[in-house]
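Chemist: I would like to see how this sequence folds:
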Amino acid sequence: MRRFLSILVGAAVGIGAILLIFPYIAYWIVGPIHGDDQMNANLVVLIVGVFICTLIGAFLGNWLYSRLKQYQ
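Modeler: Below is the predicted model of the structure:
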């Protein structure tokens, strides 16, 4: 149960991280928005970023739980 909670918290931290840095990444990759094409590109960047950061956060949460479990 604790491992599941650590994975869930890690995934939530990953989602929070991408939501904080998304405007900067979107501006860097897509640039200023002048039409629907740029809006669609921003959506793709958001979806892919949330997915990747959720997986990274979940793996880091599991890894951190395992590391803390070793020292107890």
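Chemist: please count neighbours and contacts with C-alpha atoms only from this point.
Modeler: Fine.
Chemist: where's F59 relative to L8, distance?
Modeler: To L8, F59 is 10 Å away according to Cα to Cα, to the nearest Å.
Chemist: okay, now the unreliable bits of the protein?
Modeler: Within the chain, not a single segment meets pLDDT under 70.
Chemist: now do the helices in it.
Modeler: Listed in chain order, the helices of the chain (DSSP state H) span 2-29, 36-70.
Chemist: save those helices as TSV, and put in mean neighbour count too.
Modeler: Supplementary listing: these in TSV, determined by neighbours: other Cα atoms under 10 Å:
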stretch	mean neighbour count
helix 2-29	16
helix 36-70	16
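Chemist: skipping adjacent residues, who's closest to A41 in space?
Modeler: V30 (6.8 Å; Cα to Cα, 6 or more residues apart in numbering).
Chemist: can you check Q38 too?
Modeler: V30 (6.4 Å).
Chemist: doesn't V44 make contact with the one you found?
Modeler: No: between V30 and V44 there is no contact under Cα atoms under 8 Å: 10.4 Å.
Chemist: shared neighbours, the two?
Modeler: Counting by Cα atoms under 8 Å, 6 or more residues apart in numbering, V30 and V44 have no common neighbour.
Chemist: L19 versus the residue nearest the centre of the chain, what's the distance?
Modeler: Taking Cα atoms, centre = their mean, the centroid of the chain lies closest to C53, which sits 2.3 Å from it. According to Cα to Cα, C53 stands 10 Å off from L19.
Chemist: got it, and Y65?
Modeler: 24 Å.
Chemist: likewise G49?
Modeler: Here G49 is placed at a distance of 9 Å from L19 (Cα to Cα).
Chemist: equivalent analysis for F51, please.
Modeler: Taking Cα to Cα, one finds F51 at 12 Å from L19.
Chemist: joint contacts of those two?
Modeler: Residues touching both F51 and L19 (Cα under 8 Å, 6+ apart): there are none.
Chemist: quick one, phi/psi of V30?
Modeler: Here is the backbone geometry of V30 (degrees, to the nearest 10): phi -90, psi -40.
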